[in-house]
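Participant: fold the following.
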Amino acid sequence: MPKLTIDNREVEVPDGATILDAAQAIGIEIPTLCFLDHDHAPNSCFVCVVKLQGRPGLVPACATVAADGMVVECETDEVLEARKTALELLLSDHLGDCVGPCHNLCPAHMNIPLMIRQIAAGSLRDALITVKRDIALPAVLGRICPAPCEKGCRRGQHDAPVAICLLKRHVADVDLAAPEPYLPECQPPSGKSVAIVGAGPAGLAAAWHLLQNGHACTLFDHREKPGGMLQYAVPQDTLPRGVLDAEIALITRLGAELALGTRIADAPKLLDRFDAVLLAVGKLNEGGPEALGVPASKQGIQADRTTHATPIEGVFAAGCTFRQQKMAVRALAEGKAAAASSHQFLAGQKPVGPPALYTTRIGKLKEGEIAAFLTGASQAARTEPSGGPGSGFTVDEARREAARCLHCDCRKPASCKLRRFSAACGASPSRYDGERRRFEQVSGHPDIVYEPGKCIRCGLCVQLCADAREDLGLTFIGRGFDVRVAVPFGRSIAEGLRKVAAACAAACPTGALALRDAEEL
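Facilitator: Here you go, the predicted model:
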């Protein structure tokens, strides 16, 4: 049995095993897109390359048989750069949005398409949970948000955008009216505490997320009521105070303590009593930024724009405290992001902020492409609330409006290996720009959807069809750069995949082949 060394770790494997087998045996992940098992290893993606000491060039781990005495390196600069290049070449011809345009434009990066599909299915509780994963005050935002997400909705290129803001308001209002409104599960108490200076939208959002991480939170505010500009600047007929108070009450029920009528003059001094301080005071007090005891300029508190960390260790800033925000949704997003960094600090990690949202984008649609997106969506015009302007949807109206969604987002955002590996190595989708393919969506199969623009031609589905002896199956059609995977003889996808449609969707390393009703977070 050959014994080899991979990244300074010895491993012994059976005769005939590959370097990939050896790495997997000791828990080292070597990325690969075209490998399913030893019977399905086309060796076409070149993402699994490794370096063998004493040999020039790089070799594919999935196809190179392990030999006694081999010394394998998986993480050298040369290897990582080669993998990154291979991924960027694949991305250059990859046509699809990892997340929907609406999701991408939402300042809080809420999974809007998932919420909409849950509403369409009548799963309002699940839709509310999806919303509250990212937005602490959805009933409030559903009344005052200018809906930047709707500006990206592709449905607007056909007739009118999906009424995202009203749908968000609908699930939040239904929840508030329930006997037991939703409260998320919190992690066990961490023993850590955070002082949040400012009980406006940013501070409330920060508390919502920090509490779920198990940290105790106290919100200080010099006013007598929480809510900041939502309480004191937004007209009552736009935002009824009962709605605001009800959503704030959920945050206090989760565990937040309010210290109202309390003006903080020296924020760092709070570190004597708390493990971290988060500044979310909105516009700085009349006394000037120096009144808070934190380095500042005329623009506001000095803080890293990614981590929200100030020059004082353990003190973070969010919202208008260090950069001006014109929308409440941005303040809520800032509170969420600052909470993420504060949590990392409290967990003994270096604050890096929330994870970046990695997405490829189709961009502006070409003439006629919107028709492919409209397949399967309701053809109805945008729904207007029957109660008139300012009112919300009924249950039937919400479901009818949700059915207009085009499902622009990928059906496999979590399991897409191309996305995961590209994000991990920082591969740029635009490094090798070229003329993009035309968007297609083949939806004639009862169980799966095929998007040829996402196919990387790995050949796994072709081999699975051959193994299963599909009458038609899938095959490579064309030559050179124009080669594509399709059903032979111009037949339909339903005729081609009668036996292994689900297996092909599971094996596909991208979202090219996906279950029609797949739902990944």
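
Participant: domains of this protein?
Facilitator: With domains defined by automatic domain parsing, the chain comprises 3-75, 101-181+362-402, 193-346, 417-515.

Participant: most distant residue from the middle of this protein?
Facilitator: In the chain, counting by CA atoms, centre = their mean, Met1 sits farthest out from the average C-alpha position, at 44.3 Å.

Participant: out of the domains of the chain, nearest to Asp93?
Facilitator: Closest to Asp93 of these is domain 417-515 (CB to CB; 7.1 Å). C-beta: built from backbone N, CA, C; applies to glycine.

Participant: before we move on, back to that, of all the domains of the chain, which lies closest to Gly353?
Facilitator: Nearest to Gly353 among those is domain 193-346; the distance by CB to CB comes to 4.8 Å.

Participant: for that closest one, give the mean pLDDT please.
Facilitator: What domain 193-346 shows for mean pLDDT is 92.

Participant: counting neighbours, what do you get for the nearest residue to Pro188 once chain neighbours are set aside?
Facilitator: Counting by CB to CB, 6 or more residues apart in numbering, Pro188 lies nearest to Gly214, which is 5.6 Å off, once chain neighbours are set aside. Around Gly214 there are 17 other residues, counting by other CB atoms under 10 Å.

Participant: again with Gly434
Facilitator: For Gly434, using other CB under 10 Å, the count is 8.

Participant: the one 3 residues further on now?
Facilitator: Using other CB under 10 Å, Arg437 has 15 neighbouring residues.

Participant: so it, which state does it fall into?
Facilitator: coil (DSSP: H, G, I helix; E, B strand; the rest coil).

Participant: check the one 3 residues further on too.
Facilitator: At Glu440, secondary structure determined by three-state DSSP is coil.

Participant: make sure Thr262 is indeed in a helix.
Facilitator: No - secondary structure of Thr262 (three-state DSSP): coil, not part of a helix.

Participant: nearest spatial neighbour of it, chain-adjacent residues omitted?
Facilitator: Nearest non-adjacent residue to Thr262 (CB to CB, 6+ apart): Phe220, at 5.0 Å.

Participant: how about the strands in the stretch 151-300 of the chain?
Facilitator: 193-197, 216-221, 257-260, 276-279, 296-297, 300-301 (DSSP state E, counting those that start in this stretch).

Participant: whoops, I mixed them up, the stretch 301-450 of the chain
Facilitator: 315-317, 448-450.

Participant: measure the closest residue to Phe476 other than its chain neighbours to Ala86 for me?
Facilitator: On the basis of CB to CB, 6+ apart, the spatially nearest residue to Phe476 that is not a chain neighbour turns out to be Val483, at 5.4 Å. Distance from Val483 to Ala86, counting by CB to CB, to the nearest Å: 18 Å.

Participant: neighbour-wise, which of these two wins?
Facilitator: Each of Val483 and Ala86 has its neighbours counted (other CB under 10 Å); Ala86 has more, 20 against 12.

Participant: on the three-state scheme, the more buried one is what?
Facilitator: Here Ala86 is recorded as helix under three-state DSSP.

Participant: and the closest residue to it other than its chain neighbours, what is it in contact with?
Facilitator: Ranked by CB to CB, 6+ apart and with sequence neighbours excluded, the top spatial neighbour of Ala86 is Phe46, at 4.5 Å. Phe46 makes contact with Pro60, Ala82, Ala86 under the criterion CB atoms under 8 Å, 6 or more residues apart in numbering.

Participant: which one among those residues gets closest to Arg400?
Facilitator: Of all those, Arg400 sits closest to Ala86, with 45.6 Å by CB to CB.

Participant: distance of the closest one from Ala256?
Facilitator: Distance of Ala86 to Ala256, given as CB to CB: 48 Å.

Participant: do the same with Gly319
Facilitator: Distance from Gly319 to Ala256, by CB to CB: 17 Å.

Participant: with Gln302 instead?
Facilitator: 27 Å.

Participant: those two - which one has more neighbours?
Facilitator: Remark: of Gln302 and Ala256, Ala256 carries more neighbours, 24 against 16, as counted by other CB under 10 Å.
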